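S.K.: mind looking at a prediction? Sequence and model below.
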Amino acid sequence: AQSVAQPEDQVNVAEGNPLTVKCTYSVSGNPYLFWYVQYPNRGLQFLLKYITGDNLVKGSYGFEAEFNKSQTSFHLKKPSALVSDSALYFCAVRASGSSNTGKLIFGQGTTLQVKP
Amino acid sequence: SAVISQKPSRDICQRGTSLTIQCQVDSQVTMMFWYRQQPGQSLTLIATANQGSEATYESGFVIDKFPISRPNLTFSTLTVSNMSPEDSSIYLCSVVWPYTGELFFGEGSRLTVL
């Protein structure tokens, strides 16, 4: 069965410092991996994805994520956090062989709190 | 990317009633997806809606409780029937953008059942 784990409910970081939001996954076959962000009272916004190719993926708002196949991880990173980055972040996975392209398995979410 | 509009954005409903949520996409898409986000929890796929055929429901979700319509390639509705407080959630419509494979979401419909 496919699954996604986000081991931290909340990550606190000071503005200007680097941030990491962790994600590990379990899937049969090659994974398609995604990060989404949810601001209060809003829907989910797509940040970035890994399908194939370069292990370091760059996305929106200066975020990037590193795919590590041996550790089955896809951690979200940003070199310098902004207060406006404070939000709920979801990691999601889909097996490359899945026939339903819209069925993503989501992690529990990690609340990022960036303090001034 | 796709622009997805949902109505209502939020509602407060009484136990035992039903509510229909509408989802409009600004381009034609083959499949539309309905997700549920219960308070403080992650997202779970309810069903996949194809135009011209019955929706495909995920385990734990049934058509009698969550009937779905898909009359054309840009529109879908999800009805939450005979609501109970446990149905209080955010319901999100989503589509896969065919050119990139990304899943885009609407703003969600926040339902509170008293």
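M.R.: Happy to help now that I have it.
S.K.: so where is chain A shaky, pLDDT-wise?
M.R.: Where chain A drops to pLDDT under 70, the residues are A:96.
S.K.: distance of the spatially most central residue of chain B relative to chain A?
M.R.: Against the mean C-alpha coordinate of chain B, by Cα atoms, centre = their mean, the closest residue is B:Trp34 at 3.4 Å. To chain A, B:Trp34 is 10 Å away according to Cβ to the nearest Cβ, to the nearest Å. The way it works is simple: take the backbone N, C-alpha and C, and place the C-beta from them, glycine included.
S.K.: the strands in chain A, which residues?
M.R.: With DSSP state E, the ranges of strands along chain A come out as A:3-5, A:10-14, A:19-21, A:24-26, A:31-38, A:44-50, A:56-58, A:64-68, A:73-78, A:87-95, A:105-106, A:110-115.
S.K.: tabulate these in TSV, adding columns for mean neighbour count and distance to B:Phe105.
M.R.: Shown next, in TSV, are the strands of chain A (neighbours: other Cβ atoms under 10 Å in any protein chain shown; distance: least, Cβ to Cβ, whole Å):
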stretch	mean neighbour count	distance to B:Phe105
strand A:3-5	16	17
strand A:10-14	14	22
strand A:19-21	20	19
strand A:24-26	17	20
strand A:31-38	23	8
strand A:44-50	20	4
strand A:56-58	14	20
strand A:64-68	18	19
strand A:73-78	21	18
strand A:87-95	22	11
strand A:105-106	22	11
strand A:110-115	17	18
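S.K.: would you reformat those as CSV and include distance to chain B?
M.R.: Listed next are the strands of chain A as CSV, based on distance: least, Cβ to the nearest Cβ, whole Å:
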stretch, distance to chain B
strand A:3-5, 8
strand A:10-14, 12
strand A:19-21, 14
strand A:24-26, 14
strand A:31-38, 7
strand A:44-50, 4
strand A:56-58, 13
strand A:64-68, 14
strand A:73-78, 15
strand A:87-95, 7
strand A:105-106, 4
strand A:110-115, 10
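S.K.: these: which one's closest to B:Asp64?
M.R.: Nearest to B:Asp64, of all the strands of chain A, is strand A:105-106, at 25.5 Å by Cβ to Cβ.
S.K.: for that closest one, which outside residues touch it?
M.R.: A:Gln2, A:Ser3, A:Val4, A:Val27, A:Phe90, A:Cys91, A:Ala92, A:Val93, A:Arg94, B:Ser42, B:Leu43, B:Thr44 (Cβ atoms under 8 Å, 6 or more residues apart in numbering or on different chains).
S.K.: could those residues go into TSV alongside distance to B:Leu78?
M.R.: Rendered in TSV, the data for the contacts of strand A:105-106 read as follows (distance: Cβ to Cβ, whole Å):
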residue	distance to B:Leu78
A:Gln2	24
A:Ser3	26
A:Val4	24
A:Val27	27
A:Phe90	21
A:Cys91	25
A:Ala92	20
A:Val93	24
A:Arg94	22
B:Ser42	18
B:Leu43	14
B:Thr44	13
